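S.K.: Have a look at this prediction, sequence included:
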Amino acid sequence: MTVADTIEQKLTETLSPSSLEVIDESHKHAGHAGSRPEGETHFRVEIIAPVFEGKSRVERQRLVYGVLSEEMAGPIHALALKTLSPSEIA
């Protein structure tokens, strides 16, 4: 399973998002700190989930980082987040 697949699976199982997009941006960071030739180090996650309702941006990011703590300690070097609740897109 790829790192992107793991991110998607864990966030889906834990946060039950209505929308989730995991984008591998590793190719944009080739040669930068933390990058690996095989990629899968830099990701952008855009997620819409009811669990974010009433939570601050920091609280939402902490939830995501908590779910992905194992990956953040290992293969993920950078993770950009866009976290929204369903009411914010209506």
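M.R.: Yep, that arrived. Residues are numbered from 1 along each chain as shown.
S.K.: Show me what counts as buried in the helix ranked longest in the chain.
M.R.: When the chain is parsed with DSSP state H, its longest helix is helix 3-15. If you call a residue buried by 16 or more other CB atoms under 10 Å, then helix 3-15 has these buried ones: 3-4, 6-8, 10-11, 15. To be clear about C-beta, it is placed using only N, CA and C from the backbone, and glycine gets the same treatment.
S.K.: Likewise for stretch 49-57?
M.R.: 49, 52.
S.K.: if we look at it, which residues are touching it?
M.R.: 15-18, 60, 63, 83-87 (CB atoms under 8 Å, 6 or more residues apart in numbering).
S.K.: Using TSV, please lay out these together with distance to Ala49, pLDDT and secondary structure.
M.R.: Putting those into TSV (distance: CB to CB, whole Å; pLDDT from 0 to 100; DSSP: H, G, I helix; E, B strand; the rest coil) gives the following:
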residue	distance to Ala49	pLDDT	secondary structure
Leu15	5	98	helix
Ser16	6	98	coil
Pro17	4	98	coil
Ser18	7	97	coil
Arg60	8	98	helix
Leu63	9	98	helix
Thr83	8	98	strand
Leu84	8	98	strand
Ser85	7	97	coil
Pro86	8	96	helix
Ser87	11	96	helix
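S.K.: Now, of these, which are buried?
M.R.: Among the contacts of stretch 49-57, those classed as buried by 16+ other CB under 10 Å are 15, 17, 60, 63, 83-85.
S.K.: any chance of those in JSON lines, plus distance to Ser69?
M.R.: As requested, those are exported to JSON lines (distance: CB to CB, whole Å):
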{"residue": "Leu15", "distance to Ser69": "14"}
{"residue": "Pro17", "distance to Ser69": "18"}
{"residue": "Arg60", "distance to Ser69": "15"}
{"residue": "Leu63", "distance to Ser69": "11"}
{"residue": "Thr83", "distance to Ser69": "16"}
{"residue": "Leu84", "distance to Ser69": "22"}
{"residue": "Ser85", "distance to Ser69": "22"}
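S.K.: Perfect, I'm done here.
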